[in-house]
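>>> Show me the folded form of this:
(chains A and B)
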Amino acid sequence: MLAWIFPKILIKAVKGTRDLLPPATEVWNRVETTAREVLGLYNYQEIRTPILEETQLFARGVGSDTDIVTKEMYTFEDRDGSSLTLRPENTASVIRAYIEHRLDQRPGVQKLYYMGPMFRRERPQKGRYRQFYQIGAEAIGSESALIDAEVIAMVVEILERAGLSGFQLLINSVGDHDCRPQYVERLRLALEPVAAQMCEDCRRRSQTNPLRVLDCKVEHDQPIIERLPMIVDHLCDGCRAHFDAVKKHLSDLGIAYEVRPRLVRGLDYYMRTTFEVVHGALGAQNSVLGGGRYDGLAEALGSKVHSPGIGFSIGEDRLVMSVEQTQAPKSLDLFIALHRDAAVRHALLLARDLRRAGHSVELGQGRLKRAMELADKLGARFALVVGDDEIASGRYPLKDMATGKQQTLTPDEITAQLAAKN
RNA sequence: GUGGGUGUAGCUCAGCUGGUAGAGCGCUGGAUUGUGGUUCCAGUGGCCGAGGGUUCGAAUCCCUCCACCCACCCCA
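Numbers count the residues shown, from 1 in each chain, chains lettered A, B, ... in the order given. Model (predicted):
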């Protein structure tokens, strides 16, 4: 009949994006609240940058040769011809804002955190989405190993308080602008005679990005990779001292870590300290968080002031995925069953007062049996009946849903009961 | 971008070698007039992912497409 007005093709969430529904959103909120608490304890403050940035920012910040920039960005031309991109990560934006607003003029190390959606056009799979969420932080303005250790300690605390257990902290140093190029050259030379025996990807990487070879998981290549020079053995004095200090501070704090000489981060801006947290039961995407130091990033983005920084970002989707089971079901404090229409005014006022007192209240009209059933399904701790008798007497039957016991009380007594049981 | 798996009711899934659709849970109502959880009864609900082919007949066989999931890659 009206089929031409009501098309039968359903509109669905676009590939790689998803709706987060209750009760899962409760877990997300809890994780975010926990993160804010811990970040606050370490004196971090929130920064909110735009989701949309000039494409150039990521090309220069993240690295024009990276996978993210070459094939994963949502880039489009705006009406005035400028090229815009949906942020694939947030560090570049934070540094851009830091430079733009001269945050280097503010006292002390700038400690900023953010949370929100990022966008990368990858093929979705478990723990990997095209719109995904990150909770991250950046400490800008210090080269000290103390900050590295503090950042790592903080992130471990966030994960623990969020309810994650059984995770593993991996750290490494990837050198700086001084020793890394030398190491990469050394690696390239070492690869030359053996590359032919390696997998196709490694043969390509040995030319384009030798560091990536170290990440290869192909079984056959492992013995070859074992014999390649490792960056930790070729750090310059400054980087070596820095890395040793970070490790010492972590040990002093009693934080368990494992040095992974082959931990290489995918974004060009990392130097010196890099770290990652992995967790089993996440499938192939087992990395919950990644981070590292980026002492040259600000300059790469046009800053005249040297602004060394270190930061991390937590994959919130993955964190939520691995702590989801530990969440207690949400409950309702009180369900008010209205038995007659005349009860509406009384119930509304009662509900308003109880809500002001901090109790969650749901109202329901209709047959009492039905209302009680609903109260039960909603997980209400108490149910209250409001009908003609109650309005006349000013006293209401309050039922404890767990025990089934019911008492007839005045509004003040009801408030006291709800407060007492909290 | 490349593989593999799966698409049947809101959810989890049955449906053998083709005979035109089922269970459990959920939801709604009833047994119970102003009192939930248990039990019992009834109801609700599906162009069997889409299109084409084979056939008297297709959820079932064949082809194409699409979607989702998992993996490679890469990363959070």
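>>> Which elements pack onto the helix or strand where A:Ser93 lies?
Assessed by DSSP states H and E, A:Ser93 sits inside helix A:91-100. Counting by 3 or more C-beta pairs under 8 Å, 6 or more residues apart in numbering; DSSP states H and E, the packing neighbours recorded for helix A:91-100 are strand A:52-54, helix A:55-61, strand A:110-119, strand A:131-140, helix A:297-300, strand A:309-315. C-beta here means a position set from N, CA and C on the backbone, and glycine is covered the same way.
>>> Could you point out which residue ranges in chain A have low pLDDT?
The model of chain A has pLDDT under 70 over residues A:1-9, A:217, A:219, A:265-266, A:325-330, A:421-422.
>>> Among the helices and strands packed on helix A:91-100, show me which one is buried the most.
Most buried of those by mean neighbour count (mean count of other C-beta atoms under 10 Å) is strand A:309-315; its value is a mean of 26.
>>> Can you name the next helix or strand after that one?
Using DSSP H and E, the helix or strand that follows strand A:309-315 in sequence is helix A:316-323.
>>> quick one on the thing from earlier: of the helices and strands packed on helix A:91-100, which is nearest RNA strand B?
Closest of the helices and strands packed on helix A:91-100 to RNA strand B is strand A:309-315, at 2.5 Å (criterion: C-beta to the nearest atom of the strand).
>>> now that closest one, how far from the chain's geometric center?
Centroid separation for strand A:309-315 versus its chain: 10 Å, with C-alpha atoms, centre = their mean, to the nearest Å.
>>> now for that strand, which elements pack on it?
Using 3+ C-beta pairs under 8 Å, 6+ apart, strand A:309-315 sits against helix A:91-100, strand A:131-140, helix A:145-161, strand A:287-293.
>>> ok, 7 Å please
The helices and strands touching strand A:309-315, judged by 3 or more C-beta pairs under 7 Å, 6 or more residues apart in numbering; DSSP states H and E, are strand A:131-140, helix A:145-161, strand A:287-293.
>>> Is it possible to get a markdown table of those that adds distance to RNA strand B?
Formatted as a markdown table, these follow (distance: least, C-beta to the nearest atom of the strand, whole Å):
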| stretch | distance to RNA strand B |
| --- | --- |
| strand A:131-140 | 4 |
| helix A:145-161 | 11 |
| strand A:287-293 | 3 |
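>>> can you tell which of these is closest to A:Leu169?
Between A:Leu169 and those, the tightest spacing by C-beta to C-beta is seen for helix A:145-161, at 6.5 Å.
>>> Can you check what angle separates that closest one from helix A:316-323?
Per axes from the mean of the first three to the mean of the last three C-alpha atoms, to 10 degrees, the angle that helix A:145-161 makes with helix A:316-323 is 50 degrees.
>>> Report the inter-axis angle for the next helix-or-strand element following helix A:145-161 versus strand A:287-293.
The element immediately downstream of helix A:145-161 (helix or strand, assigned by DSSP H and E) is strand A:167-173. For strand A:167-173 and strand A:287-293, the angle between their directions (the same axes, to 10 degrees) works out to 30 degrees.
>>> Can you show me the helices along the stretch 301-422 of chain A?
All helices of the stretch 301-422 of chain A, identified by DSSP state H, counting those that start in this stretch, fall at A:316-323, A:343-356, A:368-377, A:388-393, A:411-420.
>>> tell me the angle the second one makes with helix A:411-420.
Same thing as helix A:343-356. Interaxial angle, helix A:343-356 versus helix A:411-420 (the same axes, to 10 degrees): 40 degrees.
>>> helices and strands around helix A:343-356, which ones?
Secondary-structure packing of helix A:343-356 (3+ C-beta pairs under 7 Å, 6+ apart): strand A:332-338, strand A:361-365, strand A:380-386, helix A:411-420.
>>> What are the contacting residues of the longest one?
Spelled out, it's helix A:411-420. A:Asp333, A:Leu334, A:Leu350, A:Leu354, A:Ala357, A:His359, A:Phe382, A:Leu384, A:Tyr396, A:Leu398, A:Leu409 (C-beta atoms under 7 Å, 6 or more residues apart in numbering).
>>> Can I get the buried ones among the residues you listed as something I can paste into ChimeraX?
Of the contacts of helix A:411-420, the buried ones can be selected in ChimeraX as follows, counting by 16 or more other C-beta atoms under 10 Å:
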select /A:333,334,350,354,359,382,384,396,398,409
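>>> burial of the residue nearest to A:Tyr396 when sequence neighbours are not counted, as a residue count?
Nearest non-adjacent residue to A:Tyr396, counting by C-beta to C-beta, 6 or more residues apart in numbering: A:Glu390, 4.8 Å away. Neighbours of A:Glu390 under the rule other C-beta atoms under 10 Å: 21.
>>> Tell me if I'm right that A:Glu390 and A:Thr408 touch.
No. Counting by C-beta atoms under 7 Å, A:Glu390 stays clear of A:Thr408, with 8.6 Å between them.
>>> Can you pull the residues that touch both of these two?
Common neighbours of A:Glu390 and A:Thr408 (C-beta under 7 Å, 6+ apart) are A:Tyr396.
>>> Next to RNA strand B, which bits of the stretch 151-300 of chain A? Give me the list.
Proximity of the stretch 151-300 of chain A to RNA strand B, by C-beta under 7 Å from any atom of the strand, involves residues A:201, A:205, A:212, A:215-218, A:265-267, A:276, A:283-290.
>>> Helix, strand, or coil at A:Val69?
What DSSP: H, G, I helix; E, B strand; the rest coil gives for A:Val69 is helix.
>>> what about it, how many residues close to it?
Neighbour tally, A:Val69, other C-beta under 10 Å: 21.
>>> what would the helices and strands packed on helix A:91-100 look like in JSON lines with distance to A:Leu86?
Supplementary listing: these in JSON lines, determined by distance: least, C-beta to C-beta, whole Å:
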{"stretch": "strand A:52-54", "distance to A:Leu86": "6"}
{"stretch": "helix A:55-61", "distance to A:Leu86": "10"}
{"stretch": "strand A:110-119", "distance to A:Leu86": "4"}
{"stretch": "strand A:131-140", "distance to A:Leu86": "9"}
{"stretch": "helix A:297-300", "distance to A:Leu86": "20"}
{"stretch": "strand A:309-315", "distance to A:Leu86": "16"}
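>>> and A:Val31, which of these is closest to it?
Proximity to A:Val31 (C-beta to C-beta) singles out strand A:131-140 among those, at 7.6 Å.
>>> ok so, going back, between the helices of the stretch 301-422 of chain A, which gets nearest to A:Phe243?
Among the helices of the stretch 301-422 of chain A, helix A:316-323 comes nearest to A:Phe243, with 27.0 Å by C-beta to C-beta.
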